[in-house]
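1. could you look at this predicted model? Sequence included:
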Amino acid sequence: GEAGSGKSHLLGDIAFERQKLNLPSFLLLGQHFKNSRNVEGNILELLGLNCSYEELLQSANSIGEQIGSRFLILIDALNEGAGAALWKDEIEGFVHQISQYPYIALVMSVRTTYFNSLLPKTLRENKRQITIKNHEGFKGNEYKALHLFCKHSGLKQPNFPILSPEFSNPLFLMLICEGVKNSPNKSFPQGFQGISKTFKYYVDSLHERLVKKRETYAIRSDLIREAINKFSQKCFDNDDWVLKLNEAVTLFEKEFPNFKYLLNDLIQESVFIRNIRNNYKTDEDEEIVYFAYERFGDFFTAGKLLDKYNSKKEVKKAFEENAEFGNLVQDGVVFYRENRGILEAFAVLLPERFNLELFEVYTWQFEKEKEEGFGNTASWISQYVIEGLKWRSIESVDVEKLRKWLNGKYSDISYDDYLVTITE
């Protein structure tokens, strides 16, 4: 499943419910697995056991047989911690070994983007031993989920069709409801255009909530927004989507010396996530901090980057080849996670702030690929523009400009795809 779809909550809830029913299970987090040990060694260490791995499985199987219910082993987020470096070569044997015990069941979760790299093709196609399910969050239950979220937040449920896949993401839904709750009329914009304003409302509501927690935050009305912007800028400067915990602490100590609990408060409010990952270069665990909801972080990062420009001319110059943002689309890096999120946000913010489309500032890249006869960067840019339409304010959509582009020589987007998007 995708990030924020609720995989970890699902496994945690399963373990919790089984505990209430006195059913045996243990839940391990992928972030705690280390590269310096094999999978079996990691499991024994995390459980604090001195027995052999074989003895563990035999005992678990025996317990399951005695109570007439399988012993459940849950491992969440294989992509975290040691990730592919550990699991890729071991997971098939690991699954096969456990399958020899009829009273043991194994459940593992992995983020969709890591699925193919972590699970060998032979295992993915092994329908006899494993069952693969895609956790789609609230997909198929968006209206019911939105109803519950709105009821909890005291909001009127929107009367427009929920077509955006983002509404099936629990983390997104929580953030959006918080934002709408703090908007002037406390209602969802028609079609949900104008994500920038909604994010603004969310930050405003977050500030109010934190002021109730610590009165000192009331001194600076822009404190939370500034903290998010500083964090975003630092991530971009590091060419990464995370900061090491010590980097984040140092950043907040330097920029906000009078608010010593600010970073921790933002983590507790689920703006940031504090996590552990294994550094593949040093094989050491390191604590990291990153945005809980990627799109939220991408928008603030892109917004902060555009703040220093005051005119169309200045912005277009920054997107020229080899300029600050020109490098975001060169040599195939357009689909790198760090660049993709920023470009998707630019596709929304450029027309809203400067009446410029992403395809306008990257015209040189379209021409370059046309001349060279190969490359798919232009195709990615086109997709970002179309996908961004559903998030933009209605006022920023120049239908005539988009029509000319769709019918022009540089667009590979079909008119049908365009119609589907604007219908959303």
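-> Arrived safely, thanks for sending.
2. so where do the helices sit in the stretch 301-424 of the chain?
-> Here the stretch 301-424 of the chain has its helices, by DSSP state H, counting those that start in this stretch, at 312-318, 337-354, 358-361, 363-372, 377-388, 399-406, 415-423.
3. only alpha carbons, please: show the shortest one as PDB.
-> To tie it back to what came earlier, the one meant is helix 358-361. Extracted in PDB, the C-alpha atoms of helix 358-361 (Å, rounded to 0.1, in the frame of the first residue of the first chain):
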ATOM      1  CA  LEU A 358       5.000  24.000 -15.800                       C
ATOM      2  CA  PHE A 359       5.200  23.300 -19.500                       C
ATOM      3  CA  GLU A 360       5.900  27.000 -20.100                       C
ATOM      4  CA  VAL A 361       9.000  27.200 -17.900                       C
END
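4. next, give phi and psi for the spatially most central residue of the chain.
-> Nearest to the geometric centre of the chain sits residue 294, at 4.0 Å (C-alpha atoms, centre = their mean). The phi/psi pair for residue 294 (degrees, to the nearest 10) reads phi -60, psi -40.
5. that one and residue 322: what is the separation?
-> From residue 294 across to residue 322, the span is 27 Å (C-beta to C-beta, to the nearest Å). For the C-beta atoms, the positions are set from N, CA and C on the backbone; glycine is no exception.
6. what about the residue lying closest to residue 405 once chain neighbours are set aside, how many residues nearby?
-> Distances taken as C-beta to C-beta, 6 or more residues apart in numbering put residue 411 closest to residue 405, at 5.4 Å, once the chain neighbours are dropped. Residues near residue 411, counting by other C-beta atoms under 10 Å, number 21.
7. can you map out the strands along this structure?
-> 25-29, 71-76, 104-108, 243-244, 272-279, 284-291 (DSSP state E).
8. give me the low-pLDDT residue ranges for the stretch 101-250 of the chain?
-> 113, 159-166, 188-194 (pLDDT under 70).
9. per-residue confidence at the closest residue to residue 199 other than its chain neighbours?
-> Sequence neighbours aside, residue 299 is the residue nearest to residue 199 in space, at 5.7 Å (criterion: C-beta to C-beta, 6+ apart). Note on residue 299: pLDDT of 88.
10. so what's residue 299 up against?
-> 195-196, 199, 345, 348-349 (C-beta atoms under 8 Å, 6 or more residues apart in numbering).
11. most surrounded residue in these?
-> That'd be residue 348 among the contacts of residue 299, by other C-beta under 10 Å, with 29 neighbours.
12. make sure that residue is actually in contact with residue 392.
-> Yes. Residue 348 is in contact with residue 392 according to C-beta atoms under 8 Å; the separation is 5.1 Å.
13. overlap in contacts of those two?
-> Common neighbours of residue 348 and residue 392 (criterion: C-beta under 8 Å, 6+ apart): residue 195.
14. ok so, going back, for residue 358, see how far away the residue nearest to residue 405 is.
-> Taking C-beta to C-beta, one finds residue 411 at 12 Å from residue 358.
15. before we move on, what about residue 155?
-> For residue 155, the distance to residue 358 - C-beta to C-beta - is 32 Å.
16. try residue 121
-> 36 Å.
17. between the two, which is the more surrounded one?
-> Taking other C-beta under 10 Å, residue 121 and residue 358 do not tie; residue 358 has more neighbours (21 against 8).
18. the more buried one reaches residue 348, doesn't it?
-> No. Shown here, residue 358 and residue 348 do not form a contact pair, counting by C-beta under 8 Å, at 9.2 Å.
19. shared neighbours of those two, anything?
-> With C-beta under 8 Å, 6+ apart, residue 358 and residue 348 have common neighbours residue 388.
20. could you report the pLDDT at the residue lying farthest from the centre of the chain?
-> What lies farthest from the middle of the chain is residue 66; by C-alpha atoms, centre = their mean that is 42.1 Å. Listed pLDDT for residue 66 reads 96.
21. same check on residue 331?
-> Looking at residue 331, its pLDDT is 59.
22. which parts of stretch 147-160 are buried?
-> 149-150, 153, 155, 158 (16 or more other C-beta atoms under 10 Å).
23. what do you get for stretch 1-10?
-> 1-2, 4-8, 10.
24. filter those down to the ones in helices?
-> 7-8, 10 (DSSP state H).
25. all helices of the stretch 1-150 of the chain, in order?
-> So, for the stretch 1-150 of the chain - with DSSP H, counting those that start in this stretch - the helices run 7-20, 39-47, 53-67, 84-87, 91-99, 115-118, 121-124, 142-153.
26. any idea which of the ones you listed is most buried?
-> helix 84-87 (a mean of 19; mean count of other C-beta atoms under 10 Å).
27. show residues contacting that helix.
-> 33-35, 38-39, 42, 78, 114, 117-118, 278, 280.
28. just the CA coordinates for stretch 81-97, please, in PDB.
-> The C-alpha trace of stretch 81-97 is given here as PDB (Å, rounded to 0.1, in the frame of the first residue of the first chain):
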ATOM      1  CA  GLY A  81      15.400  -0.100   8.500                       C
ATOM      2  CA  ALA A  82      17.800  -2.400   6.500                       C
ATOM      3  CA  GLY A  83      15.200  -2.600   3.800                       C
ATOM      4  CA  ALA A  84      16.100  -4.300   0.500                       C
ATOM      5  CA  ALA A  85      19.700  -4.800   1.600                       C
ATOM      6  CA  LEU A  86      18.400  -7.400   4.100                       C
ATOM      7  CA  TRP A  87      15.200  -8.700   2.700                       C
ATOM      8  CA  LYS A  88      15.800  -9.100  -1.000                       C
ATOM      9  CA  ASP A  89      18.000 -12.200  -0.700                       C
ATOM     10  CA  GLU A  90      16.400 -13.700   2.400                       C
ATOM     11  CA  ILE A  91      12.700 -13.200   2.200                       C
ATOM     12  CA  GLU A  92      11.900 -16.200  -0.100                       C
ATOM     13  CA  GLY A  93      13.700 -18.600   2.200                       C
ATOM     14  CA  PHE A  94      12.200 -16.900   5.300                       C
ATOM     15  CA  VAL A  95       8.600 -17.300   3.900                       C
ATOM     16  CA  HIS A  96       9.200 -20.900   2.800                       C
ATOM     17  CA  GLN A  97      10.600 -21.900   6.300                       C
END
